[in-house]
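> Quick one, what's the 3D model for this:
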Amino acid sequence: MSKDQEEAVLITGAGGALAQQVVSRLKGKHNIVVVDVRHKPSIGSDIPSYKMDFEKRAFEDIFKKHNIKSVIHLGRIGPQQSTLANRYNSNVLGTQKLLDFCVKYKVTNTLILSTYHVYGAHAYNPALIEEDAPLKAAGITMNLVDSVELENLCNIYLWKNPELNITILRPCNITGPGINNTMSHLLAGKRAPWLVGFSPMMQFIHIEDMSDAIVAAFEKNTSGIYNVAPEDWVSYTKVLELSGCKKIPVPALPASVPIALSRITGWRKFPMHLVNFFKYPVIIDGSLFKETFNFEPRYTPEEIFSYYRELKM
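A predicted model of the protein is given here:
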């Protein structure tokens, strides 16, 4: 049997640091194929790599050529990376095309990376948010509509096509070397905004731990929806202190003030759609994932934030 005929794992979003960590853990144990909609991933000459829009006709050729039987979908485009329309096309319509090919080519292990942001930040959130809580983000900001729609889409396929064995992961803030999200950009800076009068509790997971979590979920292949988060949390002001950031006070009231400042200054580190996440705690319950996959994060908050503190030295 040729290498192309062997069953393969397709990993999307492979240009990102998280996906590359996952690839390094699975390499040698699985036949891997990688793809990214933004640029061709540089993984190594022994791993087939593609720059491909999921909606392009040629995307199906990857399934045909490489006998894809497992998919790890890490290719969700974040709000800071593109416009709302482009994100919707890629995250929702592109994921629908991906899942259609999973059905057509009889994929039996499908992992989707989502985000805890789908719960929305609200003053009346419960102290610990479990997986069956409503996804309220779309009702709070249009900039998270694509994230919620992606989840709704995956839920439809989860129940309609149980043979796909879909696992949906909702991690807390992923941080560490190479991570290119809003929170990581904020902590890497010397100064960070602080909404006066607010310091919500937050959860963080190191890129190494999140990579281990993805691999654990993929290898056990137990379908369902899972929060991924440690059992400890830290207040936002303490996070800034541990990361070596100087607090920049921003008036929180009226609510339009921080939004207006963000819009006027174009401050990418303090995007409008995440303002409520700097006001209200969104603490997710990761116990189901921990029990199902025997997972325990290795990095403490102090170790996570020391990386950002050392960047400033």
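> Flag every buried residue along stretch 206-222.
Buried positions in stretch 206-222, judged by neighbour count with 16 or more other C-beta atoms under 10 Å: 206-218. The way it works is simple: take the backbone N, C-alpha and C, and place the C-beta from them, glycine included.
> what distance separates it from the centre of its chain?
13 Å (C-alpha atoms, centre = their mean, to the nearest Å).
> pull the CA atoms of it into PDB?
Taking Å, rounded to 0.1, in the frame of the first residue of the first chain, the C-alpha atoms of stretch 206-222 are listed here in PDB:
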ATOM      1  CA  HIS A 206      -0.800  27.000  28.100                       C
ATOM      2  CA  ILE A 207      -0.300  26.100  24.500                       C
ATOM      3  CA  GLU A 208       1.600  22.900  25.500                       C
ATOM      4  CA  ASP A 209      -1.300  21.800  27.700                       C
ATOM      5  CA  MET A 210      -3.900  22.600  25.100                       C
ATOM      6  CA  SER A 211      -2.000  20.600  22.500                       C
ATOM      7  CA  ASP A 212      -1.900  17.700  24.900                       C
ATOM      8  CA  ALA A 213      -5.700  18.100  25.400                       C
ATOM      9  CA  ILE A 214      -6.400  18.000  21.700                       C
ATOM     10  CA  VAL A 215      -4.200  14.900  21.200                       C
ATOM     11  CA  ALA A 216      -5.900  13.200  24.200                       C
ATOM     12  CA  ALA A 217      -9.400  13.900  22.800                       C
ATOM     13  CA  PHE A 218      -8.400  12.800  19.300                       C
ATOM     14  CA  GLU A 219      -6.800   9.500  20.400                       C
ATOM     15  CA  LYS A 220      -9.700   8.500  22.700                       C
ATOM     16  CA  ASN A 221     -12.200   9.600  20.100                       C
ATOM     17  CA  THR A 222     -15.200  10.100  22.400                       C
END
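> Report pLDDT for the closest residue to residue 136 other than its chain neighbours.
Distance criterion C-beta to C-beta, 6 or more residues apart in numbering; nearest residue to residue 136, sequence neighbours excluded, is residue 120 at 3.6 Å. Residue 120 is assigned 93 on the pLDDT scale.
> same thing with the one 5 residues further on?
pLDDT, residue 125: 91.
> quick check, it in a strand?
No - in this structure, residue 125 is coil, not part of a strand, as judged by DSSP: H, G, I helix; E, B strand; the rest coil.
> And for it, the neighbour number?
For residue 125, the neighbour count with other C-beta atoms under 10 Å is 18.
> show me where pLDDT drops low in the stretch 101-250 of the chain?
140 (pLDDT under 70).
> just so I have it, where are all the strands in it?
Applying DSSP state E, counting those that start in this stretch to the stretch 101-250 of the chain gives strands spanning 109-113, 166-171, 173-175, 191-195, 201-202, 204-206, 224-228, 234-235, 246-250.
> Can you lay out those strands as a markdown table showing distance to residue 73?
As requested, the strands of the stretch 101-250 of the chain are exported to a markdown table (distance: least, C-beta to C-beta, whole Å):
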| stretch | distance to residue 73 |
| --- | --- |
| strand 109-113 | 5 |
| strand 166-171 | 10 |
| strand 173-175 | 15 |
| strand 191-195 | 31 |
| strand 201-202 | 26 |
| strand 204-206 | 19 |
| strand 224-228 | 14 |
| strand 234-235 | 29 |
| strand 246-250 | 36 |
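> what about the ones you listed, which gets the closest to residue 184?
Nearest to residue 184, of all these, is strand 173-175, at 5.3 Å by C-beta to C-beta.
> Just name whatever secondary elements the closest one is in contact with.
helix 182-188, strand 204-206, helix 207-220, helix 301-311 (3 or more C-beta pairs under 8 Å, 6 or more residues apart in numbering; DSSP states H and E).
> Surely residue 202 touches residue 234?
Yes - using C-beta atoms under 8 Å, residue 202 is in contact with residue 234, at 6.1 Å.
> now the buried residues of stretch 206-222 as TSV including distance to residue 306?
TSV is the format used below for those (distance: C-beta to C-beta, whole Å):
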residue	distance to residue 306
206	11
207	14
208	14
209	15
210	17
211	19
212	19
213	21
214	23
215	24
216	25
217	27
218	29
